[in-house]
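In: sequence and predicted structure below; questions after.
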Amino acid sequence: PEGTMAFAGKYEFEGDENYDAFVQKIGLPSDKVEMGRNCKIVTEVVQNGNDFTWTQHFPGGRTTTNSFTVGKEADMETMGGKKFKATVKMEDGKLVADFPNYRHTAEISGGKLVEISTSSGVVYKRTSKKIA
């Protein structure tokens with residue numbers, strides 16, 4: 001299908017909404033909360049068909065990488081560093097994954113990477129602009 005390669009690239013954090021309410025809802029430890037606030041995370045996406053490698057580069061050199069194939073169960077890691085298994089799906093051009101206590105979607109909209117995480121009605125939205 002058209003547009004499946006749309007995710008590949010490097011994106012820099014531009015802004016977010018509802019961060020504090022969301023991280024409280026998912027029980028993120030306070031040290032991690034501070035680290036992630038207005039954090040200039042660079043998200044690097046390598047895509048080969050349905051195979052993705054999704055790396056987040058945090059200031060200070062920490063990185064987390066999740067590799068997955070759409071429709072197949074994969075080992076993943078949460079914002080807080082917890083390991084779990086998830087099956088990422090593609091719905092209407094969005095990548096959708098159910099994390100242990102939130103649902104995460106990612107899409108490319110207007111050339112930006114828009115990620116939305118929802119937990120018990122709290123919606124956290126993060127927007128990143130393409131830099132490469």
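Out: Yep, it's here. Numbers count the residues shown, from 1 in each chain.

In: now the spatially most central residue of the chain: how far from residue 11?
Out: Closest to where the C-alpha atoms of the chain average out (CA atoms, centre = their mean) is residue 115, at 5.8 Å. Look at residue 115 and residue 11: by CB to CB, to the nearest Å, they are 9 Å apart. C-beta here means a position set from N, CA and C on the backbone, and glycine is covered the same way.

In: what do those two both touch?
Out: Applying CB atoms under 8 Å, 6 or more residues apart in numbering, one finds that residue 115 and residue 11 are jointly contacted by residue 128.

In: any idea what the residue nearest to the centre of the chain is bridged to?
Out: Counting by DSSP bridges, residue 115 forms beta bridges with residue 106, residue 126.

In: I figured residue 43 hits residue 14, correct?
Out: No - applying CB atoms under 8 Å, one finds residue 43 not in contact with residue 14, separated by 11.0 Å.

In: neighbour-wise, which of these two wins?
Out: More crowded of residue 43 and residue 14, by other CB atoms under 10 Å: residue 43, with 20 against 14.

In: ok, then the element right after whichever strand or helix holds the more buried one?
Out: Using DSSP states H and E, residue 43 sits in strand 42-48. Per DSSP H and E, the first helix or strand lying C-terminal to strand 42-48 is strand 51-57.

In: adjacent strands (with direction) for the next helix or strand after that next one?
Out: Downstream of strand 51-57, the next assigned helix or strand under DSSP H and E is strand 63-69. Strands adjacent to strand 63-69 in the sheet, as given by DSSP bridges, are strand 51-57 (antiparallel).
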